[in-house]
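K.L.:
prediction below, plus the sequence it came from.
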Amino acid sequence: MSHQFIVDEIDQKIQQAKERLFTGILTVRTDTGGEWFLYFLVGQIVWANARTHSNRRWHRQFLKHSSELNTTTLKEIGHRVQSYQMVAHLVMHQKFSRDHFSKIVRGCIAEILFDIVHRATLEFRTSTPKLTYKASPRNGANFPCIGLNREPIWEQVQQDWQNWQQANLIDYRPNLAPTIVQSEILQERTSPTAFQTLEKLANGKHTLRDLAIKTKQPLATLTQSLVPHIRRDLIKLMHVEDLTLKVHSPHQVPSVPKLSQSPSLPATAISGLSAATDTKAATTRGPIVAYVDDNTADGQTQATLFQGSGYRYVNIPDSLQALPKLLELKPQLIFLDLVMPIVNGYELCAQIRRISAFQDVPVIIMTNNNSIPDRVRAKVVGSNGFLGKPIKAKQVLKVAIKHLQPTPTVAPPRPTRFRQLSPSV
């Protein structure tokens, strides 16, 4: 009997989250106690976890996709509590490859989705499986997840599940560990080389998934090679505990500064392209406008727009250094380019909103990707507006007029420049 309805039900929930541009956690449960957590950011699955084998899963994917790292680094990062958060910070600070991080996360998500389908299918044999779903929305600005490349994770899981079914492996759980229970008989029925290999691997310490990574074999292929011995009760699949994470001393862990405590930089680090570039202008009182963009031409365009406006304009071309510079400058208005290397505008906006000093500072995201989903995502991460590119003077200055109202302690900007460019005049 087909179990396709289980896949269809999960597919429907994922599509609903995508259509609603859902940001938050979707908890999936079974009547028998299974529980999984799917994390969505603007309709996209960006992380997944479960209460069982969460450490083992993380470390397994880390080994699979970062094999070129040395053993010390693997122990420092792969065996750390809250590894996702720590490595995400390393990615932000260009200390760990974003591509490797994405592969690790996608691998964890794929395993979780596979386990949901597998568990529900197994329960179908004894009762009518009932998956329950609970959606818990989150504020995107306070949701510490990194967006992934839009690769078809769920589609690949469906293909993997189909292959698992066709290989007649539904009865075998990939999170169980093979253990030799009749060593003498197994030795008689296998070659010396095969027995030595089985004795080394089937020791009850590694799950089928662990062994697939260890032997660099596809999971289905590895499992099929053990099935004959399992059916003869020479090897059994046993439950195994999760990995115990080692908490290292501070000198063993890569130093990652907290985003809210980034060290301030000297004033000479400011790379403004207008009034803020000379000492005299830098001491001028007036609202500060900051623009984070690695595009020199766009930075110069913005500088030209604000020249003579009465505002102090500063361009920050390096997104990695944006937070410490913003903390030093304390601007009254921030423009962010969306597409930047390492840290994009969405992620930087979310980081800005986590800093109490910037809770009420207007943040405007600028990009060529002027679509409705992009606009919605910009709002979710805490931006106050969204401007398309190429840069248009009237739009930029209209935003400045809206958010930079003069106060009694700050002289208003000279009106002549805005009278020339403002769309309201």
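P.N.:
Received it, and whenever you're ready, just let me know what you need. Every value quoted in this text rests on a predicted model; they were computed, and no experiment measured them. Residues are numbered from 1 along each chain as shown.

K.L.:
please count neighbours and contacts with C-alpha atoms only from this point.
P.N.:
Noted.

K.L.:
helix, strand or coil for the residue nearest to Ile230 when sequence neighbours are not counted?
P.N.:
Computed as CA to CA, 6 or more residues apart in numbering, the closest residue to Ile230 that is not its neighbour in sequence is Lys236, at 5.7 Å. Three-state call for Lys236 (DSSP: H, G, I helix; E, B strand; the rest coil): strand.

K.L.:
is it true that Lys236 touches Leu176?
P.N.:
No. The criterion here is CA atoms under 8 Å, and Lys236 misses it with Leu176 at 9.2 Å.

K.L.:
roughly how far does Gly382 sit from Ala17?
P.N.:
As judged by CA to CA, to the nearest Å, Gly382 and Ala17 stand 20 Å apart.

K.L.:
can you point out the buried residues in stretch 140-156?
P.N.:
140-141, 143-148, 154 (16 or more other CA atoms under 10 Å).

K.L.:
out of these, name the two that are farthest from one another.
P.N.:
Ala141 and Trp154 (25.5 Å; CA to CA).

K.L.:
from Thr121, how far out is Ile14?
P.N.:
Counting by CA to CA - Ile14 and Thr121 are separated by 18 Å.

K.L.:
just Asn55 next, same as before
P.N.:
Distance from Asn55 to Thr121, by CA to CA: 25 Å.

K.L.:
following element in sequence after whichever strand or helix holds Gly299, please.
P.N.:
Assessed by DSSP states H and E, Gly299 sits inside helix 296-306. For helix 296-306, the following helix or strand on the C-terminal side (DSSP H and E) is strand 312-316.

K.L.:
torsion angles phi and psi at Asp294?
P.N.:
phi -90, psi 0 (degrees, to the nearest 10).

K.L.:
could you do Glu241 as well?
P.N.:
phi -70, psi 160.

K.L.:
one more: Asn384?
P.N.:
phi -100, psi -10.

K.L.:
my read: it touches Pro362, true?
P.N.:
Yes. Using CA under 8 Å, Asn384 is in contact with Pro362, at 5.7 Å.

K.L.:
please save the CA atoms from stretch 337-350 in PDB.
P.N.:
Below are the C-alpha coordinates for stretch 337-350, written out as PDB (Å, rounded to 0.1, in the frame of the first residue of the first chain):
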ATOM      1  CA  ASP A 337      22.800  47.500   0.000                       C
ATOM      2  CA  LEU A 338      21.100  44.000  -0.300                       C
ATOM      3  CA  VAL A 339      23.700  42.100  -2.300                       C
ATOM      4  CA  MET A 340      27.100  42.200  -0.600                       C
ATOM      5  CA  PRO A 341      29.800  39.500  -0.200                       C
ATOM      6  CA  ILE A 342      29.800  37.500   3.100                       C
ATOM      7  CA  VAL A 343      27.100  39.500   4.900                       C
ATOM      8  CA  ASN A 344      24.100  40.600   2.900                       C
ATOM      9  CA  GLY A 345      21.700  43.400   3.600                       C
ATOM     10  CA  TYR A 346      19.000  41.100   5.300                       C
ATOM     11  CA  GLU A 347      21.500  39.600   7.700                       C
ATOM     12  CA  LEU A 348      23.100  42.900   8.500                       C
ATOM     13  CA  CYS A 349      19.800  44.500   9.100                       C
ATOM     14  CA  ALA A 350      18.900  41.700  11.500                       C
END
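
K.L.:
what residues sit buried inside it?
P.N.:
337-340, 343-350.

K.L.:
so which of the residues you listed sit within helices?
P.N.:
Among the buried residues of stretch 337-350, the members found in helices (DSSP state H) are 345-350.

K.L.:
so can I have TSV of those residues showing distance to Phe306 and pLDDT?
P.N.:
Listed next are these as TSV, based on distance: CA to CA, whole Å; pLDDT from 0 to 100:
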residue	distance to Phe306	pLDDT
Gly345	21	88
Tyr346	24	89
Glu347	26	88
Leu348	23	91
Cys349	22	91
Ala350	26	89
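
K.L.:
now those residues as TSV including distance to Asn163?
P.N.:
What follows is these, written out as TSV (distance: CA to CA, whole Å):
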residue	distance to Asn163
Gly345	39
Tyr346	37
Glu347	37
Leu348	40
Cys349	42
Ala350	40
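
K.L.:
which one of the buried residues of stretch 140-156 is nearest Gln217?
P.N.:
Trp154 (21.6 Å).

K.L.:
can you give me the pLDDT of the closest one?
P.N.:
What the model reports as pLDDT for Trp154 is 93.

K.L.:
so it: helix, strand or coil?
P.N.:
helix.

K.L.:
how close does it get to Leu38?
P.N.:
12 Å.

K.L.:
swap in Leu333?
P.N.:
On the measure of CA to CA, Leu333 and Leu38 end up 35 Å apart.

K.L.:
now Ser225
P.N.:
Applying CA to CA to Ser225 and Leu38 gives a distance of 32 Å.

K.L.:
with Asn142 instead?
P.N.:
Distance from Asn142 to Leu38, by CA to CA: 17 Å.

K.L.:
name the helix or strand for the residue of the chain most remote from its centre, please.
P.N.:
The outermost residue of the chain, judged against the average C-alpha position, is Glu188 (49.9 Å), by CA atoms, centre = their mean. Per DSSP H and E, Glu188 falls inside helix 183-189.
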